[in-house]
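Q: Provide a 3D model corresponding to the input given below.
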Amino acid sequence: MNIRVKVISLLALLFAALIGIDVGIQRQILLPSFADLERDDAKVSMKRIEYALDLSLDTLALTAADWGNWEDAYRYVQAPNPQFVGANITPSALKQLQVNVLMIVDLQGDIVLSSAEDLRTGKPLDIDFAGRKMLPADFPWRRNLGSGNSARGLLRTNHGVMMIASAPVLNGSGGGTPLGFVIMGRLLDKPQVHALAAHAQAVLSMLSEPQAAGERVAETDEHTRIDRSFVDVYGTPVLTLRVEVPRRITAQGRAAVTYASVYLVGAAVAALVALLIVLNRVVLEPLARVTRHAVTVGEGSDLGARLNLKSRDEIGRLAHEFDRMVARVEQSRRQLVDQSFHAGFAELAKGVLHNLGNAMTPLGVRVSKLGERLRAAPVEDLILASAELEGEDVPSERSRDLKTFMHLGSREMAVCLQEARNDLEVIQRQATLVQTALTELMQSTRNEQVIETVRLPDLVSQTLEIVPDACRQRLLVDADESLRQVGTVCVARTVLRLVLQNLIINASDAVREAGRERGVLRLGAEIVRENEREQLHLHCEDNGIGIARGDLERLFDKGYSTKSKDTNYGIGLHWCANAIAALGGRIWAASEGPGLGASLHLMVPLMARET
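A: So this is what the prediction gives:
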């Protein structure tokens, strides 16, 4: 896994963790707080219901106290009469009082007056509590008959739960001995429940069956529900009211949390993408470039590639130092290869020169002795004696002496020729040894060369470093753009550099022989496909003296040269041809004729190519 995947994964996990924590906080802390608000609101609503119920009971108690402190009611308890009932206990009076039941009870608990009406229809109601003749023996309010204390509460009847309130019957001035009490009751029917709900501004309902005393909270997805049970005058649960508060706060809170979560995720994704873009541009991509470059340099042999990273941060400095390191390694490698190449040539030349010295020493001795023998031979004397013998007037005695001299001279010449023949055989053997040494030297130039990845502009610069100053001053080397466009190539750099050195020197000499103080050598290159493989085509064109058409084919022959025989021996171009041929390539020349310049072409096979 590369560092880019690791960084993206770590950032994604970090953002996911932050989003998860935020969503968890919202779900576990914010949403429950909304539920708490709704429960508090529901409890407040239930308190308002309790307050409304208490207010209704207080109102009912106040009405009962008003009737109890009425002189006519006081007299009626003392002496019941139909006129009081006919004048005051009417459906309209009960409706005006907003009570369903009106009762007057004496001190013994006997019911002296009782009326029950339906407030909507005005018809009598058969309420069991009002239909009695006396209060039940266990009725808790019996203790209030003599004490004159008021009371209020709830009571279950056959028509449902009824709010009741009692007040002592007094003489109309609020004094005197109580004669009993007035009981007023109001049924808790649906209209009354709706009135309580409207007063408390809550959704209220009354359960059909009372539950255990106390308060209970329940929640659904739509409502927060609070059930509150109320006890009757006996202390028994008689009524359960239910308040339902819609969970709008939770719904809005959930929507807000959802929107916040979505916005957070969107913002996190946008921030992550922006961060990755910036991080990729500033850190990851430059680091990846450095890594790819290092891998390329490590896997290949192209030490001339440079990152040239313009950044000034740590990665930029790292890339700059890496380029410097590769440049030093490239220079060291080039120097090592060059030194090895020259050392090999020097060692080879040393061996060849040693062999040539061993062969030339006896060869020189033999040639010297042969020269001395030939110079000492009586050739001229024999010629004179032969000419004299051919004369007509030679005396006999002189003729005999001459013949004797010719005989002795011939024998001496025979010995000299025999010795010369022996010397020539030795010289021939030594010459064969010299030829063998030279042949071995030529064969060594065909050994496998070190293949290096080079850039042609760099190769030209390296070649100019070993060209004599006089040649560089006389010749302007114009490297064509095609050299750079070719890219990097894998060639025998040391051999190709020496070949280019020879060509540059020859071009400089050609400019000099043309009578110009300064000339131009244009270098170009291209990659061509020949014999089913890629080859590098280098062409060098100068504006020197040119080459005659008849000399083009012999230009690379051994010993042939168009220059002065006193200073040139035809070795340079011949060696170039052999060196290029050893690489599997070829070299040729072209010229329009004397005075029109010349161009030399190299075709070198490429082992591998990088562009």
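
Q: Roughly how far does Q252 sit from V99?
A: Look at Q252 and V99: by Cβ to Cβ, to the nearest Å, they are 44 Å apart. Backbone N, C-alpha and C define where each C-beta goes, glycine included.

Q: Then Q83?
A: Between Q83 and V99 the computed distance is 21 Å (Cβ to Cβ).

Q: Give me the pLDDT for the residue nearest to A35 when sequence neighbours are not counted.
A: Spatial nearest neighbour of A35, chain neighbours left out: T250 (5.8 Å); criterion: Cβ to Cβ, 6 or more residues apart in numbering. pLDDT recorded at T250 is 78.

Q: can you pull the contacts of T250?
A: 31, 34-35, 38 (Cβ atoms under 8 Å, 6 or more residues apart in numbering).

Q: Show me the helices in the stretch 301-450 of the chain, by range?
A: Taking DSSP state H, counting those that start in this stretch as the test, the helices found in the stretch 301-450 of the chain are 314-376, 379-389, 396-444.

Q: quick one: buried residues of the shortest one?
A: What that stands for is helix 379-389. For helix 379-389, the neighbour count (16 or more other Cβ atoms under 10 Å) marks 382, 385 as buried.

Q: any idea of the angle it forms with helix 396-444?
A: On the basis of axes from the mean of the first three to the mean of the last three Cα atoms, to 10 degrees, helix 379-389 is oriented at 140 degrees to helix 396-444.

Q: what's helix 379-389 in contact with?
A: Here helix 379-389 makes contact (Cβ under 8 Å, 6+ apart) with 394, 398-399, 402-403, 405-406, 409-410, 413.

Q: Got a ChimeraX select line for the buried ones in those residues?
A: The buried subset of the contacts of helix 379-389, as determined by 16+ other Cβ under 10 Å, is captured in ChimeraX by this line:
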select :402,405,406,409
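
Q: Specify which residue of Q252 and V99 has the higher count of neighbours.
A: Neighbours per residue, other Cβ atoms under 10 Å: of Q252 and V99, the larger number sits with V99, 27 against 11.

Q: Report the contact partners of the nearest residue to the more buried one once chain neighbours are set aside.
A: Distance criterion Cβ to Cβ, 6+ apart; nearest residue to V99, sequence neighbours excluded, is M184 at 4.6 Å. Contacts for M184 (Cβ under 8 Å, 6+ apart) come out as 60, 63-64, 67, 97, 99, 101-103, 164-166.

Q: related to what we said a few turns ago, would you mind measuring from the residue nearest to A35 to V257?
A: Counting by Cβ to Cβ, the gap from T250 to V257 is 10 Å.

Q: Can you verify D128 is assigned to a helix?
A: No: assigned with DSSP: H, G, I helix; E, B strand; the rest coil, D128 falls outside any helix and is coil.

Q: since we're on it, how many residues are nearby?
A: Residues near D128, counting by other Cβ under 10 Å, number 11.

Q: check contacts around E541.
A: By Cβ under 8 Å, 6+ apart, the contact list for E541 reads 521-522, 524, 597-599.

Q: Check which helix or strand it maps to.
A: Here E541, judged by DSSP states H and E, is contained in strand 533-542.

Q: Quick check: strands, which of the contacts of M184 are part of them?
A: Here DSSP state E is the test, and these give 101-103, 164-166 as lying in strands.

Q: hmm, which of the residues you listed are the buried ones?
A: Of the ones in strands among the contacts of M184, these count as buried by 16+ other Cβ under 10 Å: 101-103, 164-166.

Q: what's the closest of these to H199?
A: A165 (17.8 Å; Cβ to Cβ).

Q: if I pick the closest one, what's in contact with it?
A: 57, 60-61, 63-64, 150-153, 183-185.

Q: 7 Å instead, please
A: Taking Cβ atoms under 7 Å, 6 or more residues apart in numbering, we find A165 in contact with 57, 60-61, 64, 152, 184.

Q: In three-state terms, how would G524 be classified?
A: At G524 the chain is in strand, as set by three-state DSSP.

Q: Where does pLDDT dip in the stretch 1-150 of the chain?
A: Where the stretch 1-150 of the chain drops to pLDDT under 70, the residues are 1.

Q: quick one, helices of it?
A: For the stretch 1-150 of the chain, the helices defined by DSSP H, counting those that start in this stretch cover 3-25, 31-68, 71-78, 82-88, 91-97, 144-147.

Q: Go through the third one and flag the buried ones.
A: Translated: helix 71-78. For helix 71-78, by 16+ other Cβ under 10 Å, it's 73-77.
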